[in-house]
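1. quick check, what structure comes out for this input:
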Amino acid sequence: MNEQSAKNKIAWEHRAYEFWNRRDGSPKDKAKQILDNPKAQLKKHKQYFEQISGKKIANLCGSNGRKAVPLALLGADVTVFDISEENKKYALNLNC
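-> Alright, predicted model coming up:
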């Protein structure tokens, strides 16, 4: 990883898990919200994901899983790319 990428990683990881808990609630609370209505979690992008079952989707800068998890629940095979371990931790704790 080059010097600038390392600096970006530090910045993106600074208290990210804490931020997601404050903004979206605990991973358990967010998971319930996602499970209740996965499509609603896609918000303004949901119109682009009508027929995604079986599709492969790369979620670049996938953050805390708030888009990848609903897409997977709707049948897509989703791969998330993100630099932040804090974001990864929140996404993995969603347990959907």
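2. correct me, but S53 touches L73?
-> No. Using CB atoms under 8 Å, S53 is not in contact with L73, being 10.5 Å away. Quick note: C-beta positions are derived from backbone N, CA and C, even for glycine.
3. which residues sit in contact with L74?
-> Shown in contact with L74 (CB atoms under 8 Å, 6 or more residues apart in numbering): P38, K39, F49, I52, S53.
4. all strands of the protein, in order?
-> Secondary structure of the chain (DSSP state E): strands at 56-60, 77-81.
5. name the nearest of the contacts of L74 relative to K89.
-> Proximity of the contacts of L74 to K89 (CB to CB) peaks at P38, which lies at 21.3 Å.
6. how many neighbours does the closest one have?
-> When neighbours are defined as other CB atoms under 10 Å, P38 has 19 of them.
7. okay, it: pLDDT?
-> P38 carries a pLDDT value of 96.
8. all helices of this protein, in order?
-> 3-13, 16-24, 27-36, 68-73, 85-92 (DSSP state H).
9. give me whichever of the ones you listed is most buried.
-> Mean neighbours per residue, mean count of other CB atoms under 10 Å, is largest over those for helix 68-73, with a mean of 22.
10. what packs against it?
-> Secondary-structure packing of helix 68-73 (3 or more CB pairs under 8 Å, 6 or more residues apart in numbering; DSSP states H and E): helix 27-36, strand 56-60, strand 77-81.
11. what's in contact with the first one?
-> Translated: helix 27-36. Contacts of helix 27-36 (CB under 8 Å, 6+ apart): 20-21, 24-25, 41, 66, 69-70, 73, 90, 93-96.
12. identify the residues contacting the residue positioned nearest the centre of the chain.
-> For the chain, the residue nearest the mean C-alpha position is G65 (1.3 Å; CA atoms, centre = their mean). G65 sits next to V80, N87, Y90, A91, L92, L94 when contact means CB under 8 Å, 6+ apart.
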